[in-house]
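*Asks:* I'd like to go over a predicted model; first the sequence, then the structure.
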Amino acid sequence: MNRKIKNYVMALSLVVLSSTILLAQNSTGKKPLMIEQQGSFSVGGTVITNPGKYDPVNRTPDGQTFHGDHAYVFYQKPVDAKRLPLVFWHGIGQFSKTWETTPDGREGFQNIFLRRGFGVYVIDQPRRGNASRSTVEATISPTPDEQDWFGTFRVGVWPDYFPGVQFSKDPETLNQYFRSMTPSLGPIDPAVVTDAAAALAEKVGPLILVTHSHSGGFGWITAIKNQNVKAIVSYEPGSGFLFPEGEVPVPVESSAGPLVATAIPKEEFQKLTKIPIVIYYGDFIPEKYDAGNPGADGWRARLEMARKWRDVVNEHGGDVTVVHLPEIGIKGNTHFPFSDLNNIEVADVMSKWLAEKELDN
Amino acid sequence: MITFAMSACTNTENTETQTNGNSLVIKEQGSFAVGGTKLSAQGNFDLANPLKPDGQTFHGDHAYVFYQVPAKARKYPLAFLHGAGQSKKTWETTPDGREGFQNIFLRKGFGVYLLDQPRRGEAGRSTVEETIKATPDEQFWFTQFRIGNYPDYFPNVQFPKDKASLEQFFRQMTPNTGAFDTNVITDAVSQLFDKIGKGILVTHSQGGGPGWFTAIKNDKVKAVVAYEPYSSFVFPQGELPEPIQSTGLFGALNGVEIPLSDFERLTKIPIVVYYGDNIAKEPTDVWNKDHWRSGLEMARLWAETINKHGGDATVVHLPEIGINGNTHFPFSDLNNIEVADLLAKWLKEKGLD
C-alpha cells in the first residue's frame, strides 16, 4: 500500500475510533460494558427424598423432595472474551457482593475484570445468599458482632481506623460494608462447598479461580478435585493449607488460636504443583505475637503459614508466589484488598501476574 | 483512495452493528444494600474478647439490590420484587436457560433493579431469629405454582418438561432467614425508590402486598405491574368485600382494610395485574386451581374498587386474551417473550416508556 494512503486510512480510523469512544462514555467517564452473554444458574448440590407417596390432598412431606446444597452463580461474558474466565469465590459471612460495587460505591473486581476482557463468574457458595436451601437445619441469630469484624478484617481497632487505611471513613461506607454480610444456613462443610465448586469447573471448563479468606483452603481442594482449575489467585487465605503427609509443619501459635495445617496424600498434593498460584496479603498484620488483638494476630499466623506452604509446594516443583503488599510498596490494605480504595492498583498487580503466567490471552 | 477509505468505514460499521445487535450495552452496573435497621448491644466492646456481643452492633433487615442501566436508558427503570421463597433469580435466566425479564427488559432499553427483600437470599442478615429446616416440599410447590398436579404437568403448560429444568426451578428457591414482615419489606423498597428516583415496580406473588404499600408510601412509584398477587389486596374502610371461600392452601381469602386517604394514592398511578392459566372458573376441590381462583376473583373486585374511585387498574387473565398455559411464573415460562411484549405494550399505552 502507498504510504500516503496508509497514513490517511490510519488517521481516519483513529478519528472514527476516538469519536466512538467519546460517544460511548457515560457521566462517570467510563465506557459501557459490552456483554455478549449474562445469566445465572445453580450448580452441584444434592437431593433429599422423603419415603412414602406424595399426597396431593394433605400435602405432607411424605414422598416429597428437597434440592439443596448447590451453589448459585451469576456470570457475564464480555464481547471478545479472553480464553480463561475468572471465577470469584467469597469468604466467611460474605457472598457475591464481595466482588461487586465497593462499600463506597466504586467498581469492584466484577466490573474491573469485565473491562479487562475476562468472563466473570461470581458465586454464592452452598448454604449462603441465594444458595441458602441447605440440607441441614440451621438457627440464625442476630448476634451483634460487627466491631469484631471491623478488627478481624483489619479496617482498624474499633472505633479507630488504621492510619492510612485504604477504606473510606464516611459512615455510609461502613453501613454498606456491614450490610454486605449474610449468614450461613447450616455449617460450612468443605466437602459440600468444594463439590459444588468442582461441578462449576466441570460445567464452565478451563478457568482461573479467585478466592478470598475462608474460600482459600476450599480453592486448593477444588483444584485437586477438578483439573479445569488452571490457576488460583488467593486473597488473604486464612485456613486449610494442605501439606503432603509427613511434611506438615507445627501449628503456628496466635492469640486467635493455633493455626493448624492439614495433611493430604502426596499424589493429591502433587496436583497443586501443576498450576500457578499467587497469594496476596494486605497491611496492618502484626510482626510479632499480639496478645491484645487476636483478630489481627490471626493474620500474622496465616501469612507465616502461607509462606511455609509456598516453600513446600515449590520444593515439590510447584509455582506459588506469596505477595505481602506492603513489601512491594502497596500500603494500607485491609482484608479486602480488591474493594479497598486502591483496588485498581491491586487489580493491576493481579493482571501483571496473569500476563506473566500467560493466563490473559 | 476515497473508495478504499469508505469501505474501511463500512466494514467497521458492520462489525459494530453486528456486535451491538447481540450484546447488552451496559452503561453502569453494581449492587448495594438499602433500608434496614441496626441493633446495638449494651456495654463496651472488648478487643481481647471479640466474640462477646457487648458494645457491638448488628445491621440487618435491608434489601440487597443488583442493578444494570443500559446505554440510552428509557425514562423510568423497572424495580423487580420476587415472591415467596424466591430471590432476584426469579428475573434472571429461566429454569431452562433462556433469558428472563432482567435481560429482556435491558434489551428493551429499561434500567433494571433486582431486589432480594429483607431476610431473604443475599439480604439474609435478619434482626429476628429464625430456624430453617430442610423439609421436603417441592411436590407441593410444583402444584401450588401450577406447573401441574404433581406428578402430571398440565397438558398445555408453558414449562419445559426435562429433568434439568425442573431441578433448576427447585434450586432457585431460598428460605426466609427471619419472619416475612410486610412493613420491613415496604420500608426497604420505598427507600430504594428514594435512592433511584421515579420508577416502575414489578412484583410477583407475595411481593404484591409490599408492592401496594410501597406505592402508597412513596409517590416515586409511577406504576405497579403485579404478576399473580394473591394476598394483601387493600380496600378503603367500609368497602371490604366478603371473604372468598376456597379449598386452597390458606382457605378463605380476605381483603385488607386501610384508610381511604391511603387507598386513594393507588388511584393516582396506572396498575396492571396478570394471571396465568389453569385457574378454576368455578369453586373446585382441586386446591391449586381453587387457590388462584380466589386470588383472581379478589383482584377483580379490587380493580373495580380502584377504578370506582377514579383509578386505572387492569386485571388481565392471560388465557382470556389467547395466551395459554402460563404457570405462576409467566415471566420465565416458555412464552416469556410474548408475556414481556404484552407488558411493554401496556407501558407504552400508559406513556411509561
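*Replies:* Sure, I can see it.

*Asks:* so which residues of the chain form helices?
*Replies:* Assuming you mean chain A. A:3-24, A:109-115, A:146-152, A:171-178, A:190-204, A:215-225, A:266-271, A:294-315, A:343-356 (DSSP state H).

*Asks:* I was after chain B.
*Replies:* Under DSSP H, chain B gives helices at B:2-22, B:101-107, B:138-144, B:163-171, B:182-196, B:208-217, B:260-265, B:287-308, B:336-349.

*Asks:* contacts for the second one?
*Replies:* Helix B:101-107 is contacted by residues A:38-39, B:24, B:26, B:68, B:70, B:78, B:80, B:91-92, B:112, B:114, B:202, B:331-332, B:336-337, B:340 when judged by CB atoms under 8 Å, 6 or more residues apart in numbering or on different chains. Glycine gets a C-beta too; all of them are placed from N, C-alpha and C.

*Asks:* what about that helix, distance to the chain center?
*Replies:* Counting by CA atoms, centre = their mean, to the nearest Å, helix B:101-107 is centred 14 Å from the centre of its parent chain.

*Asks:* got the helices of chain B as TSV, with mean pLDDT columns?
*Replies:* Below are those laid out as TSV (pLDDT from 0 to 100):
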stretch	mean pLDDT
helix B:2-22	40
helix B:101-107	98
helix B:138-144	97
helix B:163-171	98
helix B:182-196	98
helix B:208-217	98
helix B:260-265	98
helix B:287-308	98
helix B:336-349	98
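
*Asks:* for those, give me JSON lines that also has mean neighbour count.
*Replies:* As requested, the helices of chain B are exported to JSON lines (neighbours: other CB atoms under 10 Å in any protein chain shown):
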{"stretch": "helix B:2-22", "mean neighbour count": "11"}
{"stretch": "helix B:101-107", "mean neighbour count": "23"}
{"stretch": "helix B:138-144", "mean neighbour count": "21"}
{"stretch": "helix B:163-171", "mean neighbour count": "19"}
{"stretch": "helix B:182-196", "mean neighbour count": "21"}
{"stretch": "helix B:208-217", "mean neighbour count": "24"}
{"stretch": "helix B:260-265", "mean neighbour count": "15"}
{"stretch": "helix B:287-308", "mean neighbour count": "20"}
{"stretch": "helix B:336-349", "mean neighbour count": "17"}
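
*Asks:* looking at the helices of chain A, which has the lowest confidence?
*Replies:* When those are compared by mean pLDDT, helix A:3-24 comes last with a mean of 43.

*Asks:* can you count the residues close to the closest residue to A:L341 other than its chain neighbours?
*Replies:* Nearest non-adjacent residue to A:L341, counting by CB to CB, 6 or more residues apart in numbering or on different chains: A:Q166, 4.2 Å away. For A:Q166, the neighbour count with other CB atoms under 10 Å in any protein chain shown is 23.

*Asks:* tell me who's in contact with A:Q166.
*Replies:* When contacts are counted by CB under 8 Å, 6+ apart, A:Q166 touches A:283, A:331-334, A:337, A:340-342.

*Asks:* can we see that at 6 Å?
*Replies:* A:332-333, A:340-342 (CB atoms under 6 Å, 6 or more residues apart in numbering or on different chains).

*Asks:* ok, back up a step: mind listing which of the contacts of helix B:101-107 are in strands?
*Replies:* A:38-39, B:24, B:26, B:68, B:70, B:78, B:80, B:112, B:114, B:202 (DSSP state E).

*Asks:* closest to B:E228 among those?
*Replies:* Checking those against B:E228 with CB to CB, the nearest one is B:V202 at 11.9 Å.

*Asks:* tell me the contacts of the closest one?
*Replies:* Here B:V202 is in contact with B:78, B:80, B:225 (CB under 6 Å, 6+ apart).

*Asks:* those residues of the stretch 101-250 of chain B touching chain A, which are they?
*Replies:* B:121-122, B:124-125, B:127, B:129-140, B:168, B:170-171, B:173-175, B:177 (CB under 6 Å from any CB of the partner chain).

*Asks:* these two touch, right, B:G55 and B:L47?
*Replies:* No. Using CB atoms under 6 Å, B:G55 is not in contact with B:L47, being 10.3 Å away.

*Asks:* which of the contacts of helix B:101-107 count as buried?
*Replies:* A:38-39, B:24, B:26, B:68, B:70, B:78, B:80, B:91-92, B:112, B:114, B:202, B:331-332, B:336, B:340 (16 or more other CB atoms under 10 Å in any protein chain shown).

*Asks:* which residues of the stretch 151-300 of chain A lie near chain B?
*Replies:* So the stretch 151-300 of chain A meets chain B at A:158, A:176, A:178-179, A:181-183, A:185, A:292-293, A:295 (CB under 6 Å from any CB).

*Asks:* how does it look with 7 Å?
*Replies:* The stretch 151-300 of chain A has residues A:151, A:157-158, A:175-176, A:178-183, A:185, A:292-295 near chain B, with proximity defined as CB under 7 Å from any CB of the partner chain.

*Asks:* which ones are touching the residue nearest to B:A303 when sequence neighbours are not counted?
*Replies:* Excluding its sequence neighbours, the residue lying closest to B:A303 (CB to CB, 6+ apart) is B:A313, at 4.0 Å. Neighbouring residues of B:A313 by CB atoms under 7 Å, 6 or more residues apart in numbering or on different chains: B:271, B:303, B:306-307.

*Asks:* what's the ChimeraX syntax to select whichever of the residues of the stretch 151-300 of chain A next to chain B are buried?
*Replies:* Buried members of these, defined by 16+ other CB under 10 Å, are picked up in ChimeraX with:
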select /A:151,157,158,175,176,178,179,180,181,182,183,185,293,294,295
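
*Asks:* got the contact list for B:T203?
*Replies:* Per CB under 7 Å, 6+ apart, neighbours of B:T203: B:81, B:211, B:224, B:226-227, B:229.

*Asks:* swap in 6 Å and give it another go.
*Replies:* By CB under 6 Å, 6+ apart, the neighbours of B:T203 are B:81, B:211, B:226.

*Asks:* just give me the neighbour total for A:L272.
*Replies:* So A:L272, with other CB under 10 Å, has 24 neighbours.

*Asks:* could you do A:P265 as well?
*Replies:* So A:P265, with other CB under 10 Å, has 10 neighbours.

*Asks:* go on, A:I140?
*Replies:* 24.

*Asks:* please apply the same query to A:N228.
*Replies:* If we define neighbours as other CB under 10 Å, then A:N228 has 19 of them.

*Asks:* tell me how far it lies from A:A197.
*Replies:* 11 Å (CB to CB, to the nearest Å).

*Asks:* what of B:G60?
*Replies:* Distance, B:G60 to A:A197, using CB to CB: 28 Å.

*Asks:* neighbour count: these two, which is higher?
*Replies:* Each of B:G60 and A:A197 has its neighbours counted (other CB under 10 Å); A:A197 has more, 30 against 27.

*Asks:* the more buried one contacts A:T222, doesn't it?
*Replies:* Yes. Contact criterion CB under 6 Å: A:A197 and A:T222 qualify, at 4.3 Å.

*Asks:* pLDDT value on B:G35, please?
*Replies:* Reading off the model, B:G35 has pLDDT 98.

*Asks:* also B:K222?
*Replies:* 98.

*Asks:* so who does the residue nearest to it when sequence neighbours are not counted touch?
*Replies:* Setting aside the residues directly before and after it, B:K222 is nearest to B:K198 in space (CB to CB, 6+ apart), at 5.2 Å. Neighbouring residues of B:K198 by CB under 6 Å, 6+ apart: B:76, B:220, B:222.

*Asks:* what about B:E282, neighbour count?
*Replies:* Count around B:E282 with other CB under 10 Å applied: 7.
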